[in-house]
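[1] build me a structure from this.
(2 chains)
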Amino acid sequence: MSGLRVIVGCKRVIDYAVKIRVKPDKTGVITDGVKHSMNPFDEIAVEEAVRMKEKKLASEVIAVSCGPIQCQETLRTAMAMGADKSIHVEVDAATYENLQPLHVAKILSKVAQEEKADIVFTGKQAIDDDCNQTGQMVAALLDWPQATFASKIEKANGELTVTREIDGGLETIKVQVPAVLTADLRLNEPRYATLPNIMKAKKKPMAKKKPADYGVDVGPRQSILKVEDPPVRQAGSKLDSVETLVTKLRDAGLVPS
Amino acid sequence: MLARRQALRLALAGLRCKIAGTRINAQLGKVAILSSTNTQDLGRIQCRRCLSTTSSMRAQQTPATVDLKKPAESEGAEGGIYQAKEAKPILKEPLAKNLFLGKLNPEFLVYPEVSKEELEFLTELVKPIEKFFTQLDSKSIDEKAKIPDDVLQQLKDLGLFGLQIPEEYGGLNLDATGFARICEVTSLDGAIAVTLAAHQSIGLKGILIAGNDEQKQKYLPELATGEKVAAFCLTEPSSGSDAASIQTKATLSEDGQTFYLNGGKIWISNGGIADVFTVFAKTEVTTPEGEIQDKVTAFIVERNFGGITHGKPEDKLGIRGSNTCEVHFDNTPVPIENVLGEVGGGFKIAMRILNSGRFSMGSSGAGFLKVLINLTSEHATSRAQFGKKLSEFGLIQEKFSKLAVITYAMESMAYLTAGTLDSYDDPDMSVEAAMVKIFSSEGCWLCVSECLQVLGGLGYMKDYPYERYLRDTRILLIFEGTNEILRLFVALQGVQHAGKTMKELLKKLRNPLNNPSLMFKAAWRRSRGKSVIGPEVLKLEGEVHPELEQEAKILDQGIVAFGGAVEDVLSEFGNKVVHEQMKLRRLADICIDLFAMIACISRSSRSICIGLRNADHEILLTRAFCYEADQRIKRNLYELQPSKKVKKEIDDIHRQIADSIFKQNGYAAEHPLARNY
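    From the prediction side, this is the model:
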């Protein structure tokens, strides 16, 4: 079990602190000139993978990102945090608008097979689409066990013991390797990439590939009809008695009279 | 980088303008833009030349302007920090000093660029630092007047203590542009910015620029990681601006192997936490004529040499987290191996150290100002009074425009200076750096005050960061050379340069009867406010995008008139001009405005030529700046006119008023209610 090879999926998303604005033509959100960074949950995954390497559980950490050329910034951040090398699967900007978790999952599975990975690690979901699907789909495609929403990962006797955050509380499961893991918020606190590490990361290899190299068709399966702001919240009103409340509800047609 | 500039111009004749949606017809190095579709409001643009290709041709035709020097093996103490990877040309014609002659090499209207890779690299470097600084508790650092040890350690781990130290000693080897970029982010916390600057911009800079290999090998590695912190010890109770008058003494031992330091320094940043000090002391030097003189020598002093004590941290108005204290040397033994540079050459080293870091104040100022402007504009667009948002009121709009214009000028000047520092082989940009410092410090003080004003009462509260930034910013006008001293420096350096060139001319001008034709030329030129020696007109509008034609003309007229004013001042006062501080101040102010205009015009010209986002906004910023600068320059030129022309000079009035105040030991006017009987 020593020397696990870990693939970490990193997605480049709009920075969490940015105020999102919808494009005037309602086809999407404004991304031009907006600050982007690595999906925070993916950062946590990278951090965990690097810590596994420091604990000698993992032998190599490979960061992977699918998307336009700007994704290379994200990969360099991952390498500055400690990933050994990275793979950029280039998807042009137009196709990227309709790229879905299933496409990414297919790509990641093929990368995992090609790199003979033991673990595929991603964040639990991306903060732009909140899909929460990619990790699970990779596991299904590869027929690997999955430990999602991980908040603690330990190794014991050739297996991984993972504590998961679920609606009811915490669940601890054991998974055999190879496996898919997805990171939840409390797994760890990602380190700052130090400037000397950023300089060292410049020398680390970044492979540039295309989805076709992995035999994956990234043609759109969906088309976006409309993107708009959520409706402005209407102010509520305070009522002085239950009777008034019932009358109001009846008038609004919300309660059968 | 010079080659890149030329390549940029020629490449732009093809690629980028195509992308920006214009058709190019490149003929003989001239670029004609026939129609433009990229900036909606500007419609059809007809222009003869875009992006000065002519200056590149000029550079090729006049090899005197460009001298290629062999890289790396630069001589001893002059060896710059900026390791030349490729041969860098020598800057033959100075920028600022030539303005005093009414001249400008149009080369300087091409804004410096970095390569795509360099830009990506710098953007990457900045990200983790930005993240770190936005999560800092600056309020508590200010309240407790201390940077917590773990924060300091994190700064060291991030690599911020060795930004300009070469890689071989464990540093990041950033050039001037890279350093300026990082300073944009570190300025978000004033105390930390000053701690870092005291360590690397001045504390260890001496070792970088004047140290020998043994000294570098011994000290730089530990300074790069922050294991040891550095400090710069020059100021004494009786020697602030007058640095040459320091009294700390270094006496050589009998055996000539050790210097013994005795004296006290005050207001030393990092004085309480540093282990390596660059100390300036007076040493006895025997001149070639056999005289014994006291000259300043620079020493590298380690705290463990002994005899070094420091006082308690000073309680300051701003940058309270930065450690500032007295440092005393009591018979501190310093081995002669630790002399920095030559014995007696310390003053020059001190000046070179201070000159080398100054330009970054422009980018560090702009860095935090941009953050403040963002915060303030969010307030202005959400706060409503009288039924309207603040942003709809004219006075608020005027304020924001001024904020943006000053910030734009500040960063344009900083990166122009940094880019020129990086493009040439150890060029002398001390005057330009001083101008950046003067403009930026005063600009920051003004802008923070205005941002606070927009927030009204809220801005005055400690819950908001504005009052802290205001207090932190005040020191900028004082340290690293007070703005008054720097204005005199700018003016005197320029006037000295002009004087050298004009010596012959001035001699003739003082002898009118012997040179009648010259007198006619002089009278004709002077009657139109132009200089005699400089060109009549510079035709700068041909060097920039046609949108900036008016601004280029303003600059042109300003430079030419400035040359005339310098001539007038020199003719009237000659060498005695050293004592005419009020005149010198005006010369410096005009030069600063001209330099700022050059930076803004060249930057916005480049932006619109390559089609940057919001380039038309940049044009407006430049337009606004040039308008105001023009007004200021005209006023200063008016007040600079020789006393014969201007009746009852205002300067004389100032002098008389000041005289009375000092004679009466204070305010001299009688109380408004006073009676005579």
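
[2] show me the helices in chain A, by range?
    With DSSP state H applied, chain A shows helices at A:40-54, A:71-81, A:93-97, A:101-114, A:134-142, A:195-201, A:242-251, listed in chain order.

[3] quick check, residue B:391 in contact with residue B:401.
    No: under the criterion of C-beta atoms under 8 Å, residue B:391 lies out of contact with residue B:401, with a separation of 11.8 Å. (C-beta placed from N, C-alpha, C; glycine too.)

[4] these two - which one has more neighbours?
    Between residue B:391 and residue B:401, counted using other C-beta atoms under 10 Å in any protein chain shown, the more crowded position is residue B:391 (17 against 13).

[5] and the more buried one, what does it touch?
    Residue B:391 sits next to B:377, B:380, B:381, B:397, B:400 when contact means C-beta atoms under 8 Å, 6 or more residues apart in numbering or on different chains.

[6] now stretch A:141-152: buried residues?
    A:141, A:142, A:144, A:145, A:146, A:147, A:148, A:149, A:150, A:151, A:152 (16 or more other C-beta atoms under 10 Å in any protein chain shown).

[7] in TSV: the contacts of residue B:391, plus distance to chain A, secondary structure and pLDDT.
    What follows is the contacts of residue B:391, written out as TSV (distance: C-beta to the nearest C-beta, whole Å; DSSP: H, G, I helix; E, B strand; the rest coil; pLDDT from 0 to 100):
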residue	distance to chain A	secondary structure	pLDDT
B:377	13	helix	95
B:380	16	helix	96
B:381	12	helix	94
B:397	22	helix	97
B:400	19	helix	97
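
[8] could you flag which of these are buried?
    Buried, going by 16+ other C-beta under 10 Å: B:377, B:380, B:400, out of those.

[9] I'd like those as TSV, with distance to residue A:212 appended.
    Compiled in TSV, those are given as follows (distance: C-beta to C-beta, whole Å):
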residue	distance to residue A:212
B:377	46
B:380	51
B:400	50
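
[10] and of these, the nearest to residue A:255?
    Within the set of these, residue B:380 lies nearest residue A:255; the separation is 45.4 Å, counting by C-beta to C-beta.

[11] which stretches of the chain have low pLDDT?
    All of this is about chain A. Using pLDDT under 70 as the threshold, the predicted model of chain A has low-confidence ranges A:1-2, A:257.

[12] that's the wrong chain, I meant chain B
    In chain B, residues with pLDDT under 70: B:1-86, B:529, B:643-648.

[13] who in it is up against chain A?
    B:120-121, B:123-125, B:127-129, B:131-132, B:154, B:157-160, B:163, B:167, B:170, B:172, B:613 (C-beta under 8 Å from any C-beta of the partner chain).

[14] now with 7 Å?
    Residues of chain B lying close to chain A (C-beta under 7 Å from any C-beta of the partner chain) are B:124, B:125, B:127, B:128, B:131, B:132, B:157, B:158, B:159, B:160, B:172, B:613.

[15] distance of the fifth one relative to residue A:254?
    Residue B:131 is 47 Å from residue A:254, where distance means C-beta to C-beta, to the nearest Å.

[16] quick one, which of these two is more surrounded?
    Here residue B:131 and residue A:254 are set side by side on neighbour count (other C-beta under 10 Å), and the busier one is residue B:131, at 15 against 8.

[17] contacting residues for residue B:553?
    Residue B:553 sits next to residue B:541 when contact means C-beta atoms under 7 Å, 6 or more residues apart in numbering or on different chains.

[18] helix or strand for it, which one?
    Under the criterion DSSP states H and E, the helix or strand holding residue B:553 is helix B:549-573.

[19] next, the buried residues of that helix.
    Burial within helix B:549-573, assessed by neighbour count using 16+ other C-beta under 10 Å, is assigned to B:551-573.

[20] so what's the residue count around residue 184?
    I'll assume chain A. By the measure other C-beta under 10 Å, the count of residues near residue A:184 is 20.

[21] actually, chain B is the one I wanted.
    Every residue meeting other C-beta under 10 Å relative to residue B:184 is counted, giving 24.

[22] closest to chain B out of the buried residues of stretch A:141-152?
    If you rank the buried residues of stretch A:141-152 by distance to chain B using C-beta to the nearest C-beta, residue A:151 comes first, at 22.1 Å.

[23] mind listing what that closest one touches?
    Residue A:151 makes contacts with A:163, A:164, A:165, A:184, A:186, A:187, as judged by C-beta under 7 Å, 6+ apart.
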